[in-house]
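> got a predicted model here, sequence first, then my questions.
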Amino acid sequence: MIIYLLYFVCSLFLALLITPQVKRLAVYLGCVDKPILSRKIHTSQMPMLGGLGVFICSVVVIGLIVLAGHWNFDVVPLRFLLAIMLGGIVLMFGGYLDDKFTLPAKISWLFPALAGLIIVSSGIGIGITVLTNPLGGNIPLSGKILGLPLSGLFVWIWIMGMTYTTKLLDGLDGLAAGVALIGGLVMFTLSLTDKIDQPTTATLAIIFVGALAGYLFYAFNPASIFLGEGGSTYLGFFLAVLSVLTGAKIATAVLVMGIPIFDVIWAIIRRIYRKTSPFKADREHLHHLLLDSGLSQRQAVLIFYALSAIFGFMAVFLQSMGKLLALGILLALMVGILGFLASFYKKKQLQVKS
């Protein structure tokens, strides 16, 4: 555990050093978030590109470990590492363009899509032939669709789903980064269990956690920097890849990110029902509703942290049926929270009218 602590501390202190420089770079490049939309919560211009610091820290620490000869290429080959880094570069570049020029959704989605294709092309996840069925047996992924390996298509869809989950979650100070940090800790713990026993994926996870911890020093409420488009997408991208590398532990990642995932699903359903684009931003995400109910930013964020930690670490020790039950409880909790907030708003509107 001492070596993991060393990796964590190195990544943490590097993030503490790099993030202020990234803030200056964001201001210099004009990548600032202006509070000109009604759904914006902050009241002053905020530098973005915060995710660039997280990415740089991860790359530097991983590179130093590789150069020192302490990397196990049998578990995570060089082509996998290069694919993860290249995918991150694509997301950072696309994020910069979006932060600078506010790209339309029909353009911005191409960067996560390309990053996912890079991962699939490297072979990450292609060896997954089955998924465990919680109700018994396995779900085969050995076939092809339109000539494409089913496992590769599944991994690409999974990466895209997680990428957009953290992207849409990034609405409060430190929310997406903190939930992703908890996800990284869960993956770290899972990698060290007897069933997985993968020190290399544990190393990837703890470096990610350290970089996020250093970033959160500046990003927790009141924040002085935002993740930006590149950072918000990179968090989900990295967690998705990490869950595949640890043996397709999809259910575990879903439980960590359960509330945000259900929130994204609800947002898509809500927007389609209203005949608007699923990608059109609004101010009706769960974290917005929690704020409107009277909670502070910190209180709303800590609720998300607690739920992610509880269900995430439960998943480490649960078997398939237990995870399915936990997922059902999480869904019921989400429905209950939304129902309570809907009732709250109805009473509030009646009070205003009277």
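Structure received.
> what's the neighbour count on W266?
16 (other CB atoms under 10 Å). (C-beta placed from N, C-alpha, C; glycine too.)
> which ones are touching it?
Residues in contact with W266, defined by CB atoms under 8 Å, 6 or more residues apart in numbering, are 286, 334, 338.
> redo those as a markdown table? Include pLDDT and distance to V9.
Below are the contacts of W266 laid out as a markdown table (pLDDT from 0 to 100; distance: CB to CB, whole Å):
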| residue | pLDDT | distance to V9 |
| --- | --- | --- |
| L286 | 83 | 34 |
| M334 | 82 | 36 |
| L338 | 76 | 40 |
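> in CSV: those, plus secondary structure, neighbour count and distance to L204.
Converted to CSV, those look like this (DSSP: H, G, I helix; E, B strand; the rest coil; neighbours: other CB atoms under 10 Å; distance: CB to CB, whole Å):
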residue, secondary structure, neighbour count, distance to L204
L286, helix, 23, 29
M334, helix, 20, 29
L338, helix, 15, 35
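> out of the residues you listed, who's nearest V32?
L286 (26.5 Å; CB to CB).
> I'd guessed the closest one sits against L338; true?
Yes: between L286 and L338 there is a contact at 7.3 Å, judged by CB atoms under 8 Å.
> where's I107 relative to Y218, distance?
29 Å (CB to CB, to the nearest Å).
> neighbour-wise, which of the two wins?
Remark: of I107 and Y218, Y218 carries more neighbours, 20 against 12, as counted by other CB under 10 Å.
> list phi and psi for the more buried one.
When read as degrees, to the nearest 10, the backbone of Y218 gives phi -100, psi -20.
> that one is in contact with P20, isn't it?
Yes: the criterion here is CB under 8 Å, and Y218 meets it with P20 at 7.4 Å.
> list the contacts of I259.
286, 304, 307-308, 330, 333-334.
> so which helix or strand takes in it?
helix 258-273 (DSSP states H and E).
> can I get stretch 20-29 as PDB, trimmed to CA atoms?
Extracted in PDB, the C-alpha atoms of stretch 20-29 (Å, rounded to 0.1, in the frame of the first residue of the first chain):
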ATOM      1  CA  PRO A  20      -3.200  27.400 -11.100                       C
ATOM      2  CA  GLN A  21      -1.100  27.400 -14.300                       C
ATOM      3  CA  VAL A  22      -4.100  25.900 -16.200                       C
ATOM      4  CA  LYS A  23      -6.300  28.700 -14.800                       C
ATOM      5  CA  ARG A  24      -3.900  31.300 -16.200                       C
ATOM      6  CA  LEU A  25      -3.800  29.500 -19.500                       C
ATOM      7  CA  ALA A  26      -7.600  29.300 -19.700                       C
ATOM      8  CA  VAL A  27      -7.900  33.100 -19.200                       C
ATOM      9  CA  TYR A  28      -5.100  33.800 -21.700                       C
ATOM     10  CA  LEU A  29      -6.900  31.600 -24.300                       C
END
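> hmm, who's touching that stretch?
32, 47-50, 52-53, 56, 96, 99-100, 218, 224-225, 228.
> how about stretch 337-344?
By CB under 8 Å, 6+ apart, the list of residues contacting stretch 337-344 reads 266, 286, 289-290, 293.
> and L255, what element?
Using DSSP H and E, L255 falls in helix 250-256.
> before we move on, what about G247?
Residue-wise, G247 maps onto no helix or strand under DSSP H and E.
> count the neighbours of it for me.
16.
> OK, contacts around it?
Taking CB under 8 Å, 6+ apart, one finds 196, 198 in contact with G247.
> from W156, how far off is it?
18 Å.
> which of the three states applies to G69?
Under the three-state scheme (DSSP: H, G, I helix; E, B strand; the rest coil), G69 adopts coil.
> ok, now how distant is it from F217?
G69 is 31 Å from F217, by CB to CB.
> of the two, who's got more company?
The residue with more neighbours, out of G69 and F217, is F217; 13 against 6, by other CB under 10 Å.
> was I right to think the more buried one contacts F13?
No: F217 lies out of contact with F13 (CB under 8 Å); the separation is 10.5 Å.
> what ranges does the stretch 101-250 of the chain have for its strands?
130-132, 138-140, 144-145, 148-149 (DSSP state E, counting those that start in this stretch).
> tell me how many other residues crowd the closest residue to M92 other than its chain neighbours.
Using CB to CB, 6 or more residues apart in numbering and skipping the chain neighbours, the partner closest in space to M92 is G230 (4.3 Å). Using other CB under 10 Å, G230 has 30 other residues around it.
> with that, I have no additional questions.
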